[in-house]
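Participant: Show me the folded form of this:
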Amino acid sequence: MRGLCPGPLDDGSVLVRAGAGEWARYYTARLSALKRKTNLNLASSGAQPTVVPRSGHPISRSAISANALRVLYRLKEGGYQAFLVGGSVRDLLLGLQPKDFDIATNASPDEVRALFRNCRLIGRRFRLAHVYFGNEIVEVATFRAAHQWQPEERDEDEWHAADPAAQRVLDARGRILRDNVYGTIEEDVWRRDFTANALYYNIEDFSVWDFVGGVEDVAARRLRLIGDPVTRYHEDPVRMLRAIRFAAKLGFSIETHTEEPIRELAYLLTHVPAARLFDETLKLFLSGFGCEALRLLQHYGLLEHLFPQAGALLKRAPHGAEAQLLQAGLANTDARVAADKPVTPTFLFAVLFYGPVAERARQLQENGQPESLALFNACEEIVRTQQSRVSIPRRFTLPMREMFTLQPRFRRREGKKALSLLSHPRFRAAYDLLLLRAQVGAEEAEIAKWWTEVQTASAAERETMVKSGNGPGHSPGTRRPRRRRRRRRPSSASP
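Facilitator: Here you go, the predicted model:
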């Protein structure tokens, strides 16, 4: 049981101001039990890690970024602890090349900045140091500590740490709003999400420190959350999306206790800032495993909380043309990532919203709107509704809208206006969408074939193609009657 309670339940219930002159009592036993358990572990056992020596793991410094090594050695020479941490250690154990390298240290952010002139401190929720080496950024985080909590009166929607200088804040649902309480590596490990991401590579002796059985879980390709899953998902609901992302990316299974609460707690995503969910969406669908991510999002009931219209449509017609187009679009995106070709969020959101936009546009056409106008208005309506869940910048929604409104123009294949479409700034993106529509039967295959051929045709061949009148409603070889030019009346001479 969590949330508002009629009265005290046990030591885990706390009073929180609910309004002017009103108080509410929240049951927080799961959260406090986790913190007490953490502190007990540290006090009784000293939280001693399992240390895997260099001879017992495959991680070589040659696989680590040279700039990350510079940061590690500079911190070590400055008298601080320095560890490579997180997904980079996990990937190196799996024989993969990490995308980036994160570092954890007992140096405070200000102490890190004092060591590196090319350093900038960022973040309010978590204070971090970014060390810049050209286009590469090495992120340095200070060890964070576990702490006990108590409510304060300054905000009815937040819980604050007992120490005002600690700068740790949770909202009434248990979601972390700000956390800049620094501690030791023994405390820091309990603040991380999954055991596979809680591994520390020590630059001192090149060993791997494992406090939570992460090495074993990596070897078993298993994703297991640290601590009580319900509490951890309440602290940060995005952890559910991270579980999906890592499972899709690495082919890991999700451990039973980790996956059990996901369906029940999926609604918590509606309380996450929409801008943050935009970033998580790109990580899910533009990293080369979009098809599997979509499958897992549907399986665990998360998709409808990210994209309500798309989720509802896929439930109604899981094998319809719109669902097939989404699958085909994500498959194309995955193939481009695998081939190291560029991908764009504009195309991603076009295939995600194609079904809802097409469905709404048909309704508007039945009410008498022309096709292009119906597509325009449907796209505006769907995007406006979506922004409360996943905030999509206009630099992506505006080109996406043009992709939709250009679709009817592909049916006009005669005259100079047909060729002018080739020079439109959004032609290529709209053409890619046309191919997908033809692939799933939402558009005639002949139209897609014609636009494929005209792009590689010579100028003379293009002239012949547009003169042949093989657009809709015209048979090959027939010509449209030539319009006679009206004579202009001679203007009367001025007196």
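Participant: contacts, neighbours, all on C-alpha from now
Facilitator: Will do.
Participant: was I right about R127 contacting D110?
Facilitator: No. The criterion here is CA atoms under 8 Å, and R127 misses it with D110 at 10.0 Å.
Participant: Please say which of these two ends up with more neighbours.
Facilitator: Per other CA atoms under 10 Å, whichever of R127 and D110 has more neighbours is R127, with 17 against 13.
Participant: That one and V230, how far apart?
Facilitator: Going from R127 to V230 by CA to CA, to the nearest Å gives 25 Å.
Participant: Ok, H319 next?
Facilitator: From H319 to V230 the distance is 34 Å (CA to CA).
Participant: repeat for D102
Facilitator: 27 Å.
Participant: Same drill for H319 and V230, tell me which one is more crowded.
Facilitator: More neighbours surround V230 than the other of H319 and V230, with 18 against 11 (other CA under 10 Å).
Participant: what about the chain, any weak spots by pLDDT?
Facilitator: Scanning the chain for pLDDT under 70 picks out 1-47, 125, 146-180, 469-495.
Participant: tell me, what residue is most central in this structure?
Facilitator: The centroid of the chain falls nearest to E280 when counting by CA atoms, centre = their mean (1.8 Å).
Participant: Can you name the helix or strand that it falls in?
Facilitator: Assigned by DSSP states H and E, E280 belongs to helix 274-285.
Participant: neighbouring contacts of that helix?
Facilitator: Identification of contacts with helix 274-285 by CA atoms under 8 Å, 6 or more residues apart in numbering yields 238, 241, 245, 290-291, 293-294, 306, 330, 345, 348, 387-392.
Participant: can you check stretch 339-359 too?
Facilitator: By CA under 8 Å, 6+ apart, stretch 339-359 touches 282, 285-286, 309-310, 313, 322-323, 325-326, 329-330, 333, 336-337, 375, 378-379, 382, 396-397, 399-400, 403-404, 429, 433.
Participant: Give me the subset of the residues you listed lying in helices.
Facilitator: Applying DSSP state H to those, the entries found in helices are 282, 285, 309-310, 313, 322-323, 325-326, 329-330, 333, 336-337, 375, 378-379, 382, 396-397, 399-400, 403-404, 429, 433.
Participant: Can you pull the phi/psi pair for Y132?
Facilitator: When read as degrees, to the nearest 10, the backbone of Y132 gives phi -100, psi 130.
Participant: Might one say that it is in contact with V138?
Facilitator: Yes. The pair Y132 / V138 is scored as a contact, 6.6 Å apart, by CA under 8 Å.
Participant: So which of those two has more stuff around it?
Facilitator: Taking neighbours as other CA under 10 Å, Y132 and V138 compare with V138 leading, 21 against 16.
Participant: what's the closest non-adjacent residue to the more buried one?
Facilitator: Among residues not flanking V138 along the chain, V131 sits closest, at 5.2 Å (CA to CA, 6 or more residues apart in numbering).
Participant: tell me the contacts of that neighbour?
Facilitator: With the criterion set at CA under 8 Å, 6+ apart, V131 makes contact with 116, 118-120, 137-140.
Participant: ok, how many other residues are close to E216?
Facilitator: Using other CA under 10 Å, E216 has 13 neighbouring residues.
Participant: what's the helix or strand for it?
Facilitator: Using DSSP H and E, E216 falls in helix 214-219.
Participant: Residues in contact with the very next helix or strand once past that helix: which ones?
Facilitator: With elements assigned by DSSP H and E, the helix or strand that comes after helix 214-219 is strand 222-223. By CA under 8 Å, 6+ apart, the list of residues contacting strand 222-223 from outside reads 194-196, 217, 243, 246-247, 252-255, 258.
Participant: Neighbour count, distance to W450 and secondary structure added to those, as JSON lines?
Facilitator: Shown next, in JSON lines, are these (neighbours: other CA atoms under 10 Å; distance: CA to CA, whole Å; DSSP: H, G, I helix; E, B strand; the rest coil):
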{"residue": "F194", "neighbour count": "26", "distance to W450": "51", "secondary structure": "strand"}
{"residue": "T195", "neighbour count": "26", "distance to W450": "54", "secondary structure": "helix"}
{"residue": "A196", "neighbour count": "28", "distance to W450": "51", "secondary structure": "helix"}
{"residue": "D217", "neighbour count": "18", "distance to W450": "53", "secondary structure": "helix"}
{"residue": "A243", "neighbour count": "23", "distance to W450": "44", "secondary structure": "helix"}
{"residue": "F246", "neighbour count": "21", "distance to W450": "42", "secondary structure": "helix"}
{"residue": "A247", "neighbour count": "20", "distance to W450": "41", "secondary structure": "helix"}
{"residue": "F252", "neighbour count": "19", "distance to W450": "44", "secondary structure": "coil"}
{"residue": "S253", "neighbour count": "17", "distance to W450": "45", "secondary structure": "strand"}
{"residue": "I254", "neighbour count": "18", "distance to W450": "47", "secondary structure": "strand"}
{"residue": "E255", "neighbour count": "14", "distance to W450": "51", "secondary structure": "coil"}
{"residue": "T258", "neighbour count": "21", "distance to W450": "51", "secondary structure": "helix"}
